[in-house]
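Chemist: structure for this input, please:
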Amino acid sequence: QVQLVETGGGLVQVGDSLTISCTASGSVFGSRPMGWFRQAPRKEREFVAGIKWNGIVGNYADSVKGRFIISGDNAKNTLYLQMNSLRPEDTAVYYCATRSTYSALSDRPESYNYWGQGTQVTVSS
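Modeler: Here you go, the predicted structure:
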């Protein structure tokens, strides 16, 4: 059984940096793709960044490209999202997710069947 737990969210100022984490239990790293998603109030859940099942960084949403960095630590079973130059529009609940072993990385939330509980990131101006 796969379980995902996000930590590290909080309240920051515009332009600040913040790193959030997702710790996985069960067989995830090295066999499943992992993605970061976010959902702002009254908006659809959207893809932010992802890592392929073999650990290679996949793609980023255009809105975060050049500002966010996704990485993983296999030894710690932890996925990270380093967020730089934060903007008010980055305010959202951030979720990590994974799906079937050896499947392709997808930017569609409905493709994922394991989700964490989310961590709130609020960027204040």
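Chemist: pull the number of nearby residues for G30.
Modeler: 12 (other Cβ atoms under 10 Å). Glycine gets a C-beta too; all of them are placed from N, C-alpha and C.
Chemist: pretty sure S21 sits against M83.
Modeler: No. Here S21 lies out of contact with M83, judged by Cβ atoms under 8 Å, at a distance of 11.8 Å.
Chemist: neighbour count for the two, which is higher?
Modeler: M83 (25 against 17).
Chemist: so what's that one up against?
Modeler: Listed by Cβ atoms under 8 Å, 6 or more residues apart in numbering, the contact set of M83 reads 17-20, 64, 67-68, 90, 121.
Chemist: my understanding was that V12 contacts Q120; is that so?
Modeler: No. Counting by Cβ under 8 Å, V12 does not reach Q120; the two are 11.2 Å apart.
Chemist: buried residues, the helix or strand of the chain with the lowest mean pLDDT. List them.
Modeler: Scoring the helices and strands of the chain by mean pLDDT, DSSP states H and E places strand 57-60 at the bottom, with a mean of 93. Residues of strand 57-60 classed as buried: 58, 60 (neighbour count, 16 or more other Cβ atoms under 10 Å).
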